[in-house]
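Q: here is my input; please provide its structure:
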Amino acid sequence: QVQLVESGGGLVQAGGSLRLSCAASGGTISIYNMGWFRQAPGKEREFVAAITWSAGSTFYADSVKGRFTISRDNAKNTVYLQMNSLKPEDAAVYYCAAGRGSIWSIFRQQVDYWGQGTQVTVSS
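A: Numbering: from 1, shown residues only. Below you'll find the model as predicted:
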């Protein structure tokens, strides 16, 4: 059973940056495709970014492309989301997830494990 714990959220001004971390325990993430998702109040959870198990490929929602970067360090059992040029509309609870299925399953939120989320607030 893999446990995922996100950290790094907080309050930032528009235009600022945050780096989220997702630390795994109870198993290695090296065999999992990993994703970041977010959910704003009153909205459905949405896909943000994903990275394949080998880190060979990354994928982004159009709304964050060019501003966010997903990466992973399998030796540290950790996945990161670097968020730059933050906008008020980026404010949400951010979740990481791990899936053994295809990367397309990640896009569809068909994953094996979820973290508990970390709050990101962006002031205008």
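
Q: CA atoms for contacts and neighbours, from now on please.
A: Fine.

Q: check what pLDDT the residue nearest to Gly99 when sequence neighbours are not counted gets.
A: Of all residues not flanking Gly99 in the chain, Val111 sits nearest, at 4.3 Å (Cα to Cα, 6 or more residues apart in numbering). If you check Val111, the pLDDT there is 97.

Q: quick check on Val111: phi, psi?
A: Per-residue torsions, Val111: phi -120, psi 170 (degrees, to the nearest 10).

Q: isn't it up against Arg100?
A: Yes: shown here, Val111 and Arg100 form a contact pair, counting by Cα atoms under 8 Å, at 7.2 Å.

Q: pick out whichever of those two has more residues nearby.
A: Val111 (20 against 17; other Cα atoms under 10 Å).

Q: all helices of the chain, in order?
A: 103-107 (DSSP state H).

Q: all strands for it, in order.
A: Secondary structure of the chain, counting by DSSP state E: strands at 3-7, 10-13, 18-25, 33-39, 46-51, 58-60, 68-73, 78-83, 92-99, 113-114, 118-123.

Q: neighbouring contacts of the third one?
A: The set of residues that contact strand 18-25 without belonging to it, under Cα atoms under 8 Å, 6 or more residues apart in numbering, is 2-10, 12, 76-84, 96, 115.

Q: which parts of it are buried?
A: Neighbour-count burial for strand 18-25 flags Leu18, Arg19, Leu20, Ser21, Cys22, Ala23, Ala24 (criterion: 16 or more other Cα atoms under 10 Å).

Q: partners of it in the sheet?
A: strand 3-7 (antiparallel), strand 78-83 (antiparallel) (DSSP bridges).

Q: with the fifth one instead?
A: According to DSSP bridges, strand 46-51 has the following sheet partners: strand 33-39 (antiparallel), strand 58-60 (antiparallel).

Q: I figured Thr58 hits Ile51, correct?
A: Yes: using Cα under 8 Å, Thr58 is in contact with Ile51, at 4.4 Å.
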